[in-house]
Structures are given as structure tokens and as C-alpha cells.
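Enquirer: Can you look at this prediction? I've put the sequence above it.
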Amino acid sequence: MVSLKRSEMRIFDDAFDMHGGYVLNFSDRTMAEFFEDEFGIEIYQEKYAFNGSSKAKHLRAFIEVEDAYTVGRVARALWKHRESLPQYQNSDAAAEKVKQAFFDLLHRIESGGAVPNTDAIERFRRDETLEELIAAIERDIRANKPAAALDRLHTYCMKKFGHLLDERGIAWDRTDPLQSRVGKYVKALEQERDIREITRRIVKSAISVFEQFNDVRNNRSFAHDNDLIEQAEARFIFDAISAFLRFLKSVDTVRFGK
């Protein structure tokens, strides 16, 4: 099931011209044929009728009820159909804004949720500064601003890996860059756990990933007067860093701030 805010559903309204109950240039018959021919879906069934009987209300219900993969497939096909229609074949500023908003939303849906998951960003010790840092990350993510969250996520990782090294009694210095802290942690993890070779390679590759994260933080985030990284890429980076933190949480529960 895809859960969208009303403002996000309005992005679909704009993309498929759903204002007034319509959907692009479809009649009731041609919309039914489109869904049946392309996807084997009966769009006018009771399952999609809880919002009302218009074409737009059936499509909104479909988006609310179906899984992210199915919604993504249908949305892409509808956009392709939109682009085939003469009345939408313009490239003015308003049309580009609709397109950008649509594909940003579609990327979030196809990536597994309307907004990134922040469950890996944990309060690993009692620290007012840490609390404020995590709250700021969560605010940015709820506002669908992953690029803005990257600077604070970097700061969080600096604190997190320093904490993990402290828990193990491993020496480190406040001047150590992020990849150095991660490297020391990865070395300790390899000594502590018997992990499969593929996992070992992925974990070791994280050192270079976090080294590049420094560059993103310094040159493409709010850390300085930078042009922000494009939203879809920012989401990908946020999710990738979070995935590594989530892995550490799963294999290191005793020492992961419990």
C-alpha cells in the first residue's frame, strides 16, 4: 500500500490532469481498456470505488490501495501516454515543474516509501546535542528534503563511529576523518565476528563510500555555500548510508548503544 500526503496526491492530480474528475484524455471506456490491456486490471471494480465513481477518484483509490511496484508501473505508463498527447507536448516552466515533481515522487514510491526510513538513526547515548541532531535529520526527512539531511547525517556518523570505537576501547582522535573512524570499526568487526566473504567485502567497501560521503558533505550539502545534490541522488545516498548503519545495528546489538 502506498501512503501519500494530500500534497503528494496533488502531484498525481497535476501530472494526469485529474482535476474535475477526469484523467488525461480518457473516457470511461478507454480508461477501462487501458488498464485491462496494459496491466490486466479492472479499474472500475468495487475495490477502487470507495472514493467515488469518477475516473480520477478510481485512480486515486488505486494509488492508495496498491503496492509501490504496481503504482510505479501504472504511473510510468500513464506518463508515457500523457507525453503522446499534443496538448502536453510543451516545455514551458510550468510543465517542467509538473514533470520534476512527478518523477521525484515516483522515485520515492519506487524506492520503498514516500520518505526515507530513519529507523537506523538511533539515540545511542544521553546527549542533548545528539538529540537535537537526530530531530533535525528527522524533520528534513519528513519534509522530503534528503539533500538537506546529508550534512547532519554526516555529523551523526562522526559521532556514531566515535561512540562505537569508545565502546571497544579503540583509540581515535577528534581530527580523524569519517573514513578513518569507519576503517577502525570495520577492522574490529572483522576480528570480532565470523562473517561471510561477501559481507566482508561489502563492509570493507564502506570505507571508501564514507570517504566519498565527506566530499558530498563538504561540496554538495548545507555544510557550506554549495549547490545541493539532486533529490533522487540524495535519497539514494541517504538510504545507502542508513542501510550500513542498520546492518551494524543488527550484528552489534549489545554494543550498539543498548
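Expert: On my side now, so go ahead.
Enquirer: Run the chain-centre distance for stretch 81-90.
Expert: Between the centre of stretch 81-90 and the centre of its chain there are 29 Å (Cα atoms, centre = their mean, to the nearest Å).
Enquirer: Now do the end-to-end distance for it.
Expert: One end of stretch 81-90 sits 14 Å from the other (Cα to Cα, to the nearest Å).
Enquirer: Looking at it now, give me its mean pLDDT.
Expert: Averaged over stretch 81-90, pLDDT sits at 89.
Enquirer: Low-confidence ranges, the protein, go.
Expert: The chain contains residues with pLDDT under 70 at 1, 112-116, 252-258.
Enquirer: Show the contacting residues for Asp166.
Expert: Not one residue lies near Asp166 by Cβ atoms under 8 Å, 6 or more residues apart in numbering. C-betas here are computed from N, CA, C, even on glycine.
Enquirer: Remind me which helix or strand it belongs to.
Expert: helix 146-168 (DSSP states H and E).
Enquirer: dump the residue contacts of Phe57.
Expert: To be clear, residue 57 is Lys; Phe isn't right here. Per Cβ under 8 Å, 6+ apart, neighbours of Lys57: Gly21, Ala49, Asn51.
Enquirer: now, which of these sits nearest Ile121?
Expert: Of all the contacts of Lys57, Asn51 has the smallest distance to Ile121: 35.2 Å, by Cβ to Cβ.
Enquirer: and the closest one, how many neighbours?
Expert: Number of residues near Asn51 (other Cβ atoms under 10 Å) recorded here: 14.
Enquirer: so which helix or strand takes in it?
Expert: Under the criterion DSSP H and E, no helix or strand holds Asn51.
Enquirer: If you drop the residues flanking it in sequence, what lies closest to it?
Expert: Nearest non-adjacent residue to Asn51, counting by Cβ to Cβ, 6 or more residues apart in numbering: Lys57, 4.0 Å away.
Enquirer: how far does the helix or strand hosting that neighbour sit from the chain's center?
Expert: According to DSSP H and E, Lys57 maps onto helix 55-65. Relative to the centre of its chain, helix 55-65 is centred 23 Å away, using Cα atoms, centre = their mean.
Enquirer: What of stretch 183-190?
Expert: 28 Å.
Enquirer: So what touches that stretch?
Expert: Residues contacting stretch 183-190 (Cβ under 8 Å, 6+ apart): 161, 164-165, 168, 170, 172, 176, 195, 200, 203-204, 206-207, 251-252.
Enquirer: buried ones in it?
Expert: Gly183, Lys184, Tyr185, Val186, Ala188, Leu189 (16 or more other Cβ atoms under 10 Å).
Enquirer: ok, now stretch 97-113?
Expert: Val98, Lys99, Ala101, Phe102, Phe103, Asp104, Leu105, Leu106, Arg108, Ile109, Ser111.
Enquirer: for stretch 213-231, same thing?
Expert: In stretch 213-231, counting by 16+ other Cβ under 10 Å, buried: Phe213, Val216, Arg217, Arg220, Ser221, Phe222, Ile229, Gln231.
Enquirer: domain assignment for the chain?
Expert: 6-110, 128-251 (automatic domain parsing).
Enquirer: how about the ones you listed in JSON lines, adding distance to Glu122?
Expert: Shown next, in JSON lines, are the domains of the chain (distance: least, Cβ to Cβ, whole Å):
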{"stretch": "domain 6-110", "distance to Glu122": "23"}
{"stretch": "domain 128-251", "distance to Glu122": "7"}
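Enquirer: closest to Asn117 out of those?
Expert: Going by Cβ to Cβ, the one of those nearest Asn117 is domain 128-251, 6.7 Å.
Enquirer: distance between the ends of stretch 101-118?
Expert: Counting by Cα to Cα, the terminal residues of stretch 101-118 are separated by 23 Å.
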